[in-house]
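Peer 1: Got a predicted model here, sequence first, then my questions.
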Amino acid sequence: MLTLEQAQMSEPSRRNAKATQRATWLRHCLHKVGGSASWTWPMCSKTADSRAETEPLLQHLCDAPLELPDGAEISLSSIQTDSGEIIVYRWVPPQARGWIVLLHGYLLHSLCQASCIAFLLQQGYAVIAPDWPGHGLSEGNRASIDSFQDYADVLDSVMQMHACHFPSPPHLIAHSTGASAWLEYQRTRCADPFARIVLVAPLLRNQLWHLSCLGIRLASPWLSSVPRCFRKSSSDPDFLNRMHADPLAPWSLPLQWSRAQMQWVAQFADAPINERSLWVLQGDRDNVVDWRFGLRRITAQFPQAHIQLWPGQKHDLLNEARPARDEIFRQLLKILADPEPAVPTR
């Protein structure tokens, strides 16, 4: 039943409010069991957490298209940061060969990368994935951020919280704004805890950047947000339909997030050259980010970067249609497993 306040909202604002209420309710369920809950795959296993308070959380996990190896452990936990309460997922196969920190992009959340998570666990990798502030189950104004430094701070908190779980340096796979978070993390910190770093469709500037900046400056005195336009960021219709139906999906875009991005792009332009080796996977039909600009900036700052273009593929590379997705996952595996994986010359 709608409240009077909700009835007076626009449709995008009403959907945003419902997403925020759902995230708050699920965090409350987690609080009831002490701030963490765990299960064993398959979820019907007798060792799974069967407390009544965790049933909504269990259903939340089961709604994602996850196919995990039997015996995999799944847990949800929360950490307090300056950006509010952050929810962190952890998936651990029976015998983990390594650890991966997986960072999702803007307007998504960790379970949106279910196909990638399932693949990594099937290959023996454990995965840790936080929901960014204002995304998924995490606290914060829906899809907003005060500064991109907040993303780096959250990543730092996640790494500190899970440092005891890493028997060896973990790898990083970061998509879109997740890649921006790592770029800001390495720009402002001396620590470099990752063995392999893979940036997938990294965000620096979005498409039509200058026009967007002009629009934001003109609209800011009168508007605080604009309705979201769901782009065809993948060739997989099932993924696009799931994103459109996702009860946690943001339906309006705060202008504050765009202002924070504009500020960060200017700061990143002054970042020093870094000899750190990393890999970038990028679709050449990406209609979300200005990928040509992004690749120029990344290769200028990271001379040791390996760039791999994927012809015909879009922004959500980790959720592309098969068989392209299978090829992308195989390339991820080569990067993670090989001492110096062969990649095409950029």
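Peer 2: Great, that's in hand. This structure is a prediction, so every number in the text was calculated from the model and none was measured. Residues are numbered from 1 along each chain as shown.
Peer 1: Find the centremost residue of the chain, please.
Peer 2: Nearest to the mean C-alpha position of the chain, counting by Cα atoms, centre = their mean, stands His104 at 0.8 Å.
Peer 1: Pull the contacting residues for that one.
Peer 2: 110, 112-113, 129, 131-132, 135-136, 175-178 (Cβ atoms under 8 Å, 6 or more residues apart in numbering). (Glycine included, C-beta is placed from N, CA and C.)
Peer 1: what are the ranges of the strands in the stretch 1-150 of the chain?
Peer 2: 36-40, 73-81, 84-92, 98-103, 125-130 (DSSP state E, counting those that start in this stretch).
Peer 1: Figure out which of those strands is closest to Ala201.
Peer 2: Nearest to Ala201 among the strands of the stretch 1-150 of the chain is strand 98-103; the distance by Cβ to Cβ comes to 12.1 Å.
Peer 1: what angle sits between that closest one and strand 84-92?
Peer 2: 140 degrees (axes from the mean of the first three to the mean of the last three Cα atoms, to 10 degrees).
Peer 1: relative to strand 125-130, how tilted is strand 98-103?
Peer 2: Using the same axes, to 10 degrees: strand 98-103 against strand 125-130 is 30 degrees.
Peer 1: in strand 98-103, what's buried?
Peer 2: Neighbour counts over strand 98-103 (16 or more other Cβ atoms under 10 Å) mark 98-103 as buried.
Peer 1: any idea of the mean pLDDT in it?
Peer 2: In this model, strand 98-103 has a mean pLDDT of 97.
Peer 1: wait, doesn't Val226 sit right on Gln256?
Peer 2: No. The pair Val226 / Gln256 is not scored as a contact, 11.7 Å apart, by Cβ atoms under 8 Å.
Peer 1: what's the top helix by length along the chain in contact with?
Peer 2: In the chain, assigned by DSSP state H, the helix with the most residues is helix 11-32. Residues from elsewhere that reach helix 11-32 (Cβ under 8 Å, 6+ apart): 2, 6, 9, 36-37, 53-54, 56-57, 60, 76-78, 85, 87, 136-139, 142-143, 225, 227-228, 247-252.
Peer 1: Next, the buried residues of that helix.
Peer 2: Going by neighbour count (16+ other Cβ under 10 Å), the buried part of helix 11-32 is 12-20, 23, 26-27, 29-30.
Peer 1: what is Asn206 paired to in the beta sheet?
Peer 2: Val289 (DSSP bridges).
Peer 1: any idea how far the residue nearest to Ala324 when sequence neighbours are not counted is from Asn287?
Peer 2: For Ala324, ignoring the flanking residues on the chain, the nearest one in space by Cβ to Cβ, 6 or more residues apart in numbering is Gln313 at 5.6 Å. Between Gln313 and Asn287 the distance is 11 Å, computed by Cβ to Cβ, to the nearest Å.
Peer 1: for Ser157, same thing?
Peer 2: In terms of Cβ to Cβ, Ser157 sits 33 Å off from Asn287.
Peer 1: Of the two, give the one with the bigger neighbour count.
Peer 2: Per other Cβ atoms under 10 Å, whichever of Ser157 and Asn287 has more neighbours is Ser157, with 18 against 13.
Peer 1: what comes into contact with stretch 287-305?
Peer 2: The contact list for stretch 287-305, computed with Cβ under 8 Å, 6+ apart, reads 176, 199, 201-207, 209, 231-233, 268-269, 271-280, 282-284, 307, 314-315, 346.
Peer 1: From the residues you listed, which land in helices?
Peer 2: Checked against DSSP H, the contacts of stretch 287-305 include these in helices: 209, 268.
Peer 1: Filter the contacts of stretch 287-305 down to the ones in strands?
Peer 2: 199, 278-280, 282-283, 307 (DSSP state E).
Peer 1: Show me where the stretch 151-300 of the chain has its helices.
Peer 2: Secondary structure of the stretch 151-300 of the chain (DSSP state H, counting those that start in this stretch): helices located at 177-188, 209-219, 237-245, 255-268, 291-301.
Peer 1: hey, which of these is tucked in deepest?
Peer 2: Across these, averaging neighbours per residue (mean count of other Cβ atoms under 10 Å) puts helix 177-188 on top, at a mean of 24.
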